[in-house]
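J.: Would you be able to build a 3D model of this:
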Amino acid sequence: MKTILMLTDFSINANHAAKTAAKALRNLNADILLYNTYYDHPILPTYAGGPWVVEEFVFRKDESAAQLGQLAIQLKHIIADLTTEGIEPKIDYQLVKVHLAEIQRRLFRRITLTLL
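T.: Numbers count the residues shown, from 1 in each chain. This next block holds a predicted model:
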């Protein structure tokens with residue numbers, strides 16, 4: 001089975017693209033891997049006047065994980081409505097703090113990406 005790597009920032013456009021890809025999975029005979037990165041620094045000075053503290057980054061990571069989970073559930077519902085003939089595409093997601101280039105190197109060793 002091929003894999004489509006769906007990069008998401010949880011914007012309306014990114015969610016729409018993921019849902020559109022989910023509708024095409026059966027025809028493509030592919031799975032979807034949702035991917036989001038987060039920035040993980042304990043203190044980052046800002047130009048707005050004060051530093052961001054650790055709690056804000058932890059909150060962002062937790063919020064991103066929750067949004068990835070919700071998007072995966074939405075895509076699974078779309079796929080469930082369209083799945084026939086024994087083809088069952090899978091939805092998986094990863095939330096990582098590494099750069100996209102690093103995740104590409106890791107993924108290309110494990111799976112065959114069809115679309116990025």
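J.: correct me, but residue 4 touches residue 30?
T.: Yes: if you go by Cβ atoms under 8 Å, residue 4 and residue 30 touch, sitting 5.2 Å apart. All C-beta atoms are positioned from the backbone trio N, CA, C, and that covers glycine.
J.: residues near residue 79, how many?
T.: 20 (other Cβ atoms under 10 Å).
J.: The helix or strand hosting it packs against which elements?
T.: With elements taken from DSSP states H and E, the one containing residue 79 is helix 54-82. Under the contact criterion of 3 or more Cβ pairs under 8 Å, 6 or more residues apart in numbering; DSSP states H and E, helix 54-82 touches helix 12-28, strand 30-37, strand 91-96.
J.: mean pLDDT for those: which is lowest?
T.: Within the helices and strands packed on helix 54-82, the stretch with the lowest mean pLDDT is strand 91-96, showing a mean of 83.
J.: Can you list the neighbours in contact with it?
T.: The set of residues external to strand 91-96 that reach it, using Cβ atoms under 8 Å, 6 or more residues apart in numbering, is 22, 31-38, 61, 64-65, 68-69, 71-72, 75-76, 79, 103.
J.: one step back: show me what counts as buried in the helix holding residue 79.
T.: Going by neighbour count (16 or more other Cβ atoms under 10 Å), the buried part of helix 54-82 is 57, 61, 64, 67, 68, 71, 72, 75, 76, 78, 79.
J.: can you redo the residues you listed as CSV with pLDDT?
T.: Supplementary listing: those in CSV, determined by pLDDT from 0 to 100:
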residue, pLDDT
57, 59
61, 79
64, 86
67, 92
68, 93
71, 94
72, 94
75, 93
76, 92
78, 90
79, 88
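J.: so which of these comes closest to residue 97?
T.: Among the buried residues of helix 54-82, residue 61 lies closest to residue 97 (Cβ to Cβ), at 7.8 Å.
J.: So for that closest one, what's the nearest residue that isn't a sequence neighbour?
T.: residue 38 (4.9 Å; Cβ to Cβ, 6 or more residues apart in numbering).
J.: The one you found: neighbouring residues, count only.
T.: Look at residue 38: counted by other Cβ under 10 Å, it has 16 neighbours.
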